[in-house]
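[1] let me see the structure of the following:
(2 chains)
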Amino acid sequence: MEQSTIMLDYTHRQSGHCESGTLSNLFNYFGMDLSEPMAFGIGNGLYFSYIPFLKVQYAPMISFRNIPTTIIRRGAKRLGADAVIIKKFKTPEESMDALDRNLEKGIPTGLQVGIFNLPFFPPEYRMHYNMHNMVIYGREGNTYYVSDTVLEKPQTLSYADLQRVRWVKGAFSPNGKMYWINRVDKNADLKKAVAEGIAKTVYEMIKIPFPLIGTKGIRFLAKDLRKWPKKHGKEKASFYLGQILRMAEEVGSGGAGFRFIYGAFLKEAGEKFNHPGLSEASVLMGTAANKWREFSYIGARNCKSRSEPTEDYGMLADMLIEISYMEEDVFKKLENIKI
Amino acid sequence: MEQKFDYKYKDPEHGHYRELFYSYDKDGNYKKQVRFHDDSDKIFIEQFWDVQNNRIQEAKEQVLSGIKSPVYYYMKKNLMDLMTLSSQATISLWRVKRHLKPGIFKRLSEKTLAKYAGAFNITIEELQNIS
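    The predicted model follows:
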């Protein structure tokens, strides 16, 4: 094994969400300034789905974000970046060699990894979640330099550890998946990209004719939340509630289940294109996001006193319904404005 | 290798991990802030790990009283469900289910034990004798 040292001039910036942060940092490396909220909005990060029959860690699955790698695929495509390749490998050795070749060519490379065996990851997030993103930007002997946007500082990882996290098995196993950008289009039509991104998010949040997705999904969740204490008992209801909050506030969401990042995106776009409609929508989104925060403050009280809820679950459900209509207003507004 | 991860959320300073959070204030500005989690967030993180730790403890008692095999304990300890364990150990689901019974676990071959030990990142001795 060659012992060459490669260290790319890659700037690590911490971000709220792993995927949008990765895309924003990669664009930044190629000299195109793209903030995290912009990457998030253009790549359709925002989502809501509630899947009661699918259990993750013994609680119904709730997601505030789109399917992993959506942001990277759609964001890079809309911004006209050249050759974003999402690639899977057959053997671990092949995938590691491909990574080394990329580094030698001077391309920082994004990887999909599982977080359970990542040594530097905050211990309280350890779970079997295989869709985390990070960027490798250098190598020294057997040590790789890693930029993980969830953490403040860049990290290092050994060859064996890296191979292990890239080849973790289980649901959504990455199989060594990696992606990179060859060239960015600095004259990309940002306005068009933003318009496309918003239109798709509007579709996904209010137009999909399925009750578990988008703002309708929030109302469905509210309906179930009301029933939980009777159906599952108070202990379990409190655990389920805790899981909703954990998905919203934890796992790299930037707070309030990505709603703050999306609001920041609307505001930035509004300022950039001098568009009053977008700025108004950003105010509405911010208010809705603050309502999510309030929901999690109040909900957390029920998580503290587990078997004796201090707050009424009906009241929490009402709050969710209010939030869902607030968000619906935002997307209805976005639907009708022309960018 | 025992007690590899300390799941319990206990450090009031949130270890040394600060995260980036966005917020929205009354003047209509979005702000970025690098900070520790606030107290209300810590409540449900703590709750999550309490529930997990209880589950692990329960599993341990069941194994020690001979109701379940050690595979069950290590499965809970690594926060796995049957599907995850089956794919990580590359053993089919119905076989994993059988191996949760102590009688059947005792008759397992070295090869199968090694697969489980690999999935749990422990040695075969540790797998056979839980303490």
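
[2] use CA for all of it now, contacts and neighbours both
    Will do.

[3] can you name the residue of the stretch 1-150 of chain A nearest to chain B?
    Nearest to chain B, among the residues of the stretch 1-150 of chain A, is A:Gly16, at 5.1 Å (C-alpha to the nearest C-alpha).

[4] need the contact list for that residue.
    A:Thr149, A:Val150, A:Gly252, A:Ser253, A:Gly254, A:Gly255, A:Ile261, B:Glu19, B:Leu20, B:Phe21, B:Tyr22 (C-alpha atoms under 8 Å, 6 or more residues apart in numbering or on different chains).

[5] just give the nearest non-adjacent residue to it, would you?
    A:Gly254 (4.2 Å; C-alpha to C-alpha, 6 or more residues apart in numbering or on different chains).

[6] again, but for B:Lys97
    B:Leu82 (7.6 Å).

[7] quick one: the one you found and B:Trp94 touch, right?
    No: B:Leu82 is beyond contact range of B:Trp94, at 9.4 Å (criterion: C-alpha atoms under 8 Å).

[8] which residues of chain B score low on pLDDT?
    B:1-17, B:131 (pLDDT under 70).

[9] that should have said chain A, apologies.
    A:1-3, A:83, A:251-252, A:306-311.

[10] now do the helices in chain B.
    For chain B, applying DSSP state H gives helices covering B:39-64, B:70-77, B:82-89, B:93-99, B:102-106, B:110-120, B:124-128.

[11] can you list the residues that contact the second one?
    Read that as helix B:70-77. If you take C-alpha under 8 Å, 6+ apart as the criterion, helix B:70-77 is touched by B:55-56, B:59-60, B:63, B:81-82, B:85, B:99-100, B:102, B:116, B:120, B:127-130.

[12] run the last query once more with 6 Å
    With contact meaning C-alpha atoms under 6 Å, 6 or more residues apart in numbering or on different chains, helix B:70-77 is reached by B:Ile56, B:Ala59, B:Lys60, B:Val63, B:Leu100.

[13] as JSON lines, those residues with distance to chain A and neighbour count would be great.
    Below are these laid out as JSON lines (distance: C-alpha to the nearest C-alpha, whole Å; neighbours: other C-alpha atoms under 10 Å in any protein chain shown):
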{"residue": "B:Ile56", "distance to chain A": "13", "neighbour count": "20"}
{"residue": "B:Ala59", "distance to chain A": "15", "neighbour count": "23"}
{"residue": "B:Lys60", "distance to chain A": "19", "neighbour count": "22"}
{"residue": "B:Val63", "distance to chain A": "21", "neighbour count": "20"}
{"residue": "B:Leu100", "distance to chain A": "19", "neighbour count": "19"}
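
[14] quickly check the residues you listed for the two that are furthest apart.
    The span of the contacts of helix B:70-77, defined through C-alpha to C-alpha, is set by B:Ile56 and B:Leu100 at 14.7 Å.

[15] in the longest helix anywhere in chain A, what's buried?
    Longest helix in chain A by number of residues, with DSSP H as the criterion: helix A:276-304. Burial within helix A:276-304, assessed by neighbour count using 16 or more other C-alpha atoms under 10 Å in any protein chain shown, is assigned to A:277-293, A:295-304.

[16] the residue most distant from the middle of chain B, which is it?
    B:Asp27 (43.4 Å; C-alpha atoms, centre = their mean).

[17] excluding covalently adjacent residues, which one is nearest to the closest residue to chain A within chain B?
    Here the residue of chain B nearest chain A is B:Phe21; by C-alpha to the nearest C-alpha that distance is 4.3 Å. Distance criterion C-alpha to C-alpha, 6+ apart; nearest residue to B:Phe21, sequence neighbours excluded, is A:Gly254 at 4.3 Å.

[18] and for residue 37, the neighbour number?
    Went with chain A since none was named. A:Pro37 has 27 neighbours, counted by other C-alpha atoms under 10 Å in any protein chain shown.

[19] wait, chain B
    Residues lying near B:His37 (other C-alpha under 10 Å) number 19.

[20] distance of it from A:Glu124?
    12 Å (C-alpha to C-alpha, to the nearest Å).

[21] same check on A:Val146?
    Distance of A:Val146 to A:Glu124, given as C-alpha to C-alpha: 20 Å.

[22] could you do A:Phe89 as well?
    Relative to A:Glu124, and taking C-alpha to C-alpha, A:Phe89 is found at 31 Å.

[23] ok, A:Asp82 next?
    Distance, A:Asp82 to A:Glu124, using C-alpha to C-alpha: 38 Å.

[24] interface residues of the stretch 151-300 of chain A facing chain B?
    For the stretch 151-300 of chain A, the contact set with chain B under C-alpha under 6 Å from any C-alpha of the partner chain comprises A:Lys169, A:Gly170, A:Gly242, A:Gly254, A:Gly255, A:Phe260, A:Ala264, A:Gly286, A:Tyr297, A:Ala300.

[25] give the contact list for the fourth one.
    Okay, so that is A:Gly254. By C-alpha under 6 Å, 6+ apart, the neighbours of A:Gly254 are A:Gly16, B:Phe21, B:Tyr22.

[26] closest one of these to A:Tyr47?
    Distances from A:Tyr47 to the contacts of A:Gly254, taken by C-alpha to C-alpha, are shortest for A:Gly16, at 15.8 Å.

[27] number of nearby residues for residue 88?
    All of this is about chain A. A:Lys88: 13 surrounding residues under other C-alpha under 10 Å.

[28] sorry, I should have been clearer: chain B.
    19.

[29] not counting sequence-adjacent ones, nearest residue to it?
    A:Lys169 (5.1 Å).

[30] quick one: the helices in the stretch 151-300 of chain A, in order.
    A:159-166, A:190-202, A:215-232, A:234-249, A:259-272, A:276-304 (DSSP state H, counting those that start in this stretch).

[31] return the most buried member of those.
    helix A:259-272 (a mean of 25; mean count of other C-alpha atoms under 10 Å in any protein chain shown).
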